[in-house]
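1. Please find the sequence and the predicted model below.
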Amino acid sequence: MARFSTCRPSEQSKSEFVGTFGGIYEHSPWVAEVAYGDGLATSFDEQDALHSHMAKVLVNADDEAKMQVVLAHPDLAGRAALAGELTVESTSEQASAGIDKCTPEEFARFTDYNERYKAKFQFPFIMAVKGANRHLILDAFEKRLENDVKTEFNTAIAEINKIALFRLRDL
């Protein structure tokens, strides 16, 4: 297991911890606040252990709190990306998947899928895109549009927790 090289979460004050880990979940520092409040053992100085702890906070939250985390995520190749309004993490993640290099046709597909997805599910399509490419993402969009709302909501939470793990490992 990899330890954090720049800090020891178990030794941080609440403000230090939230300052360091509050952005792991998109615009949702409450996840870090609850994780801190639950107590941080020295085992949480390991990235995977802290991730597991924070992921449980999200999974155990009520559906309204979960939905707020889901809604905090931007569309893939959406208006916020074009306007340069994404968080640094989201910008980097989308660029790593080549989303910033979409052809006009691919961008049109992203736009169409984003609109259809949000119309059906009432929240944005979420996928941990690190290690993927825009072609795999478009394929996933197409397949996941066939799911029911409950399946997609649970998939969104699982994908958000994958994103959180990638972000923790990048610290």
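-> All right, it came through fine. Numbering: from 1, shown residues only.

2. What is the longest helix of the protein by residue count?
-> In the chain, with assignment by DSSP state H, the single longest helix is helix 149-170.

3. Show the contacting residues for residue 167.
-> 23-24, 89 (C-beta atoms under 8 Å, 6 or more residues apart in numbering). All C-beta atoms are positioned from the backbone trio N, CA, C, and that covers glycine.

4. now residue 36
-> Residue 36 neighbours (C-beta under 8 Å, 6+ apart): 14, 17-18.

5. Considering these, which possesses the most neighbours?
-> Using other C-beta atoms under 10 Å as the neighbour test, the contacts of residue 36 are led by residue 17, with 22 neighbours.

6. Helix, strand or coil: sort out the residue nearest to it when sequence neighbours are not counted for me.
-> Closest residue in space to residue 17, ignoring its immediate chain neighbours: residue 36 at 4.7 Å, by C-beta to C-beta, 6 or more residues apart in numbering. What DSSP: H, G, I helix; E, B strand; the rest coil gives for residue 36 is helix.

7. in this structure, which helix or strand is least confident?
-> Using mean pLDDT, DSSP states H and E, helix 79-82 stands out as the lowest-scoring helix or strand of the chain, at a mean of 54.

8. quick one on the thing from earlier: which ones among the contacts of residue 36 map onto helices?
-> 14, 17-18.
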